[in-house]
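Engineer: predicted model and sequence follow; I will ask about them next.
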Amino acid sequence: MSNHTDDPGHGHSPAAWTAVIIMLVAISLGTVALFIDVWVLFWVAVGLLVVGALVGWIMTKAGYGANGPKYTSKAH
């Protein structure tokens with residue numbers, strides 16, 4: 001077993017968690033929209049999916065990503 005110090009964090013950062021939560025809500029909303037056949041709500045969910053990806057990218061650029069200066073890794 002190897003202990004690398006330059007481990008990217010595997011998504012254990014505030015940016016990753018925020019993006020994933022927003023995108024999970026979007027996918028759930030989109031699934032419900034397709035099930036009840038409401039296309040406007042489906043397209044809102046698609047837009048929210050894109051917003052989730054953008055929020056993750058913006059937070060990473062702001063330093064909240066796995067290698068960012070505002071993020072401190074926690075021991076597992």
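Structural biologist: Yep, that arrived.
Engineer: ok, which stretches of this structure are helices?
Structural biologist: Along the chain, counting by DSSP state H, helices occupy 14-35, 39-59.
Engineer: can you pull up the most central residue in the protein?
Structural biologist: In the chain, the residue lying closest to the centroid (CA atoms, centre = their mean) is A19, at 1.8 Å.
Engineer: so that one sits against V55, correct?
Structural biologist: Yes. The pair A19 / V55 is scored as a contact, 5.7 Å apart, by CB atoms under 8 Å. The C-beta positions use only the backbone N, C-alpha and C, and glycine is treated the same way.
Engineer: hmm, back to that, so how far is A53 from the residue nearest to the centre of the chain?
Structural biologist: Distance of A19 to A53, given as CB to CB, to the nearest Å: 6 Å.
Engineer: give me the number of residues near A66?
Structural biologist: Look at A66: counted by other CB atoms under 10 Å, it has 17 neighbours.
Engineer: contacts only, for I22.
Structural biologist: L48, V51, G52, V55, G56 (CB atoms under 8 Å, 6 or more residues apart in numbering).
Engineer: now list the buried members of those residues.
Structural biologist: Among the contacts of I22, those buried by neighbour count (16 or more other CB atoms under 10 Å) are L48, G52, V55, G56.
Engineer: how about the last one, what does it touch?
Structural biologist: Residues near G56 by CB under 8 Å, 6+ apart: A15, A16, T18, A19, V20, I22.
Engineer: just curious, which of those residues is nearest to V32?
Structural biologist: I22 (16.0 Å; CB to CB).
Engineer: residues touching P69, list them.
Structural biologist: Counting by CB under 8 Å, 6+ apart, P69 has contacts G63.
Engineer: again, but for P14
Structural biologist: By CB under 8 Å, 6+ apart, the contact set of P14 is M59, Y64, Y71.
Engineer: what is the neighbour count of the first one?
Structural biologist: A count of neighbours around M59, defined by other CB under 10 Å, yields 21.
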